[in-house]
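Novice: quick check, what structure comes out for this input:
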Amino acid sequence: MIKERQTFVTNELVDLVRQLDHETFLHGMRVGEMSYKFSRYLDLSLHQSNQLHFIGYVHDIGKLKIPISIVTKRGPLTDFEWNLMKNHTIYGYELLKDFSYHRDILKTVRYHHENIDGTGYEGLRSNEIDFNSKVIRIIDSFDALTHDRCYRKKCSIELSLKKIQKQSGTVYDQDLVKEFTKFICKLY
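Specialist: Take a look at the predicted model:
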């Protein structure tokens, strides 16, 4: 970790995150790192950058309450499994609430699967979705697209960006997608 970052993670939480399956754990690490770098690119405050780093790290912690057979399933989920998987945002919120984390962190863990057009997990739309959730939504998707998943192979960076750009304004915040595209082009 970069020395300037404030430590948000307690030993208990680190232990919990490590209990996630290996791929979900690595995904969280990558989302955290990229969220931090993107937030610095956006010139956000160090406090907000640190928050986004932490949120990226723990955004899927609610998957601890989902059976591992569903989290790591190869192939499509049944309707029942999908509905259970969608609850990981609420489970994560509840788990972190027990650790007394700041409400900005809690909101983002809960709402990181909300879509601009209201078709996300809980139906929030546009301005109802907090900024951090919009950031994590993009980075979570980008990381998922650019890495192998148990149910599909990874896409190239170029194709992943195109998929995100195609859903700009419906799934993802348009302004953030524009900035994220510039950021990725500079990074790679």
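Novice: from now on I want contacts and neighbour counts done on CA atoms only, so please keep to that.
Specialist: Noted.
Novice: just give the nearest non-adjacent residue to Lys153, would you?
Specialist: His147 (7.2 Å; CA to CA, 6 or more residues apart in numbering).
Novice: now do the contacts for that neighbour.
Specialist: Going by CA atoms under 8 Å, 6 or more residues apart in numbering, His147 touches Lys153, Lys154, Cys155.
Novice: give me the next element, helix or strand, following the strand or helix carrying Leu26.
Specialist: Element membership of Leu26 [criterion: DSSP states H and E] is helix 22-41. Helices and strands here follow DSSP H and E; after helix 22-41, the next one along the chain is helix 46-58.
Novice: against which helices or strands is the next helix-or-strand element following that next one packed?
Specialist: Proceeding N to C from helix 46-58, the next assigned helix or strand is helix 68-71, under DSSP H and E. Counting contacts by 3 or more CA pairs under 8 Å, 6 or more residues apart in numbering; DSSP states H and E, helix 68-71 packs against helix 79-86.
Novice: pLDDT averaged over the helix it packs on - what is it?
Specialist: Averaging pLDDT along helix 79-86 yields 96.
Novice: distance of Thr89 from Thr181?
Specialist: Remark: distance between Thr89 and Thr181 (CA to CA, to the nearest Å) = 26 Å.
Novice: look at the two and report which has more neighbours.
Specialist: Neighbour totals were compared for Thr89 and Thr181, and Thr89 leads with 25 against 16 (other CA atoms under 10 Å).
Novice: ramachandran angles for the more buried one?
Specialist: As for Thr89, its main-chain torsions (degrees, to the nearest 10) stand at phi -70, psi -40.
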